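Undergrad: Here is a sequence together with a model predicted from it:
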Amino acid sequence: MEDENLVILNLEITQKNKAIGKKIAALNIPNDAVVTAIFRNKKAVIPKGSTLIEYGDRIVVTTLKKAQSKVVKVLS
């Protein structure tokens, strides 16, 4: 299945990221986006709203193109 409006992002949480220590549910992630996985310490985590963002996490987000820039802004 393909959809040109769907984007899968792979974002790294750097040391100065404002999302560190926050729960996913507390972030202002658009409704058109879902955090689908976190890679932490070489292990995959299926996140929930209560999952905390940590330095060094790689966040996988599935989003519509129209929400992509906002997702990147929230998680960068």
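TA: On my side now, so go ahead.

Undergrad: What is the neighbour count of Ile24?
TA: Neighbour count for Ile24, taken as other C-beta atoms under 10 Å: 19. Where you see a C-beta, it was placed from the backbone N, CA and C, and this is true even at glycine.

Undergrad: Please verify my assumption that it contacts Glu54.
TA: No: Ile24 is beyond contact range of Glu54, at 11.6 Å (criterion: C-beta atoms under 8 Å).

Undergrad: Which parts of this structure are strands?
TA: 6-12, 33-40, 43-45, 58-64 (DSSP state E).

Undergrad: For the last one, list every residue counted as buried.
TA: When burial is assessed from 16 or more other C-beta atoms under 10 Å, strand 58-64 yields the following buried residues: 59-61, 63.

Undergrad: With distance to Lys73 and mean pLDDT as extra columns, can I get the strands of the chain in CSV?
TA: Output for the strands of the chain, formatted as CSV (distance: least, C-beta to C-beta, whole Å; pLDDT from 0 to 100):
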stretch, distance to Lys73, mean pLDDT
strand 6-12, 11, 95
strand 33-40, 11, 97
strand 43-45, 23, 97
strand 58-64, 12, 97
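
Undergrad: so which of the ones you listed comes closest to Lys70?
TA: With C-beta to C-beta as the criterion, Lys70 lies closest to strand 33-40 of the strands of the chain, at 7.8 Å.

Undergrad: before we move on, the earlier item: report the two of the buried residues of strand 58-64 separated the most.
TA: Farthest pair in these (C-beta to C-beta) is Ile59 and Thr63. Separation: 11.3 Å.
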